[in-house]
Structure formats: C-alpha cells, structure tokens
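the sequence isn't on hand, but the structure is:
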C-alpha cells in the first residue's frame, strides 16, 4: 500500500468546549471544512488531525478527489479596519 503525506493549514482559536462550555480551543482546516476542539491547543490540534484523517480516508474509499493545500500559492494574512461606531466584541 502506498502512503501519501498531505499538509493542511489549521486555524486555532480560543473557544468554548462543545457540551461543557468550558474555555478551550477550536482547530479548523478550512480546505476541508473539518473542525474539532480541545481543552488545550495541543489537544485541539490532535483532535482535528484525527478528524482530517478520517475525512480524507472516507474520500479515498469513496473514490473522490482529495482537496489539498498549496502553501506556495496561498496568501495567509490578517487585515485591520476602522469602524465609526462603538463595537461590542465577541470573544
């Protein structure tokens, strides 16, 4: 069996754990639309890695193409805007 090594961008954000509402982190793979959470950044990353693997394996099993990141073509940045009115922030 041939093994392929795939790389994906992951975005990690502070969040609330599903089911407990305790502080934690959400890890999102935007290329696949796969996310998972955890109590720590490391746990969220481990959990999303498992979810990514399961999703990719299901695509392969079903004979579907597997989306991949192309970091050499991606632009990852942030932006800043000015808003004229007071804003309530949601963290």
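That came in fine, so what should we check first? Fair warning: this is a prediction, and the values are worked out from it, not measured in the lab. Numbering: from 1, shown residues only.

and the helices in the chain, which stretches?
Ranges of helices in the chain, per DSSP state H, are 41-61.

give me the residue at the spatial middle of the protein.
Taking CA atoms, centre = their mean, the centroid of the chain lies closest to residue 28, which sits 1.4 Å from it.

who does that residue form a beta bridge with?
According to DSSP bridges, the residues that bridge with residue 28 are residue 11, residue 35.

isn't it up against residue 9?
No - Residue 28 lies out of contact with residue 9 (CB atoms under 8 Å); the separation is 9.1 Å. From N, CA and C alone the C-beta is placed, and that goes for glycine too.

separation between the closest residue to residue 60 other than its chain neighbours and residue 49?
Excluding its sequence neighbours, the residue lying closest to residue 60 (CB to CB, 6 or more residues apart in numbering) is residue 66, at 6.6 Å. Using CB to CB, to the nearest Å, one gets 15 Å for the distance from residue 66 to residue 49.

give me the more crowded residue out of these two.
residue 49 (16 against 13; other CB atoms under 10 Å).

pLDDT weak spots in this protein?
Applying pLDDT under 70 to the chain flags residues 89-91.

try 80
1, 17-19, 21, 71-78, 81, 85-91 (pLDDT under 80).

follow-up on the earlier one: residues in contact with the residue nearest to the centre of the chain?
The neighbourhood of residue 28, defined by CB atoms under 8 Å, 6 or more residues apart in numbering, consists of 10-13, 34-35, 48.

hmm, 10 Å instead?
Residue 28 makes contact with 9-13, 15, 34-37, 44, 48, according to CB atoms under 10 Å, 6 or more residues apart in numbering.

with residue 6 instead?
Counted by CB under 10 Å, 6+ apart, residue 6 has contacts 31-32, 52-53, 56, 66-69.
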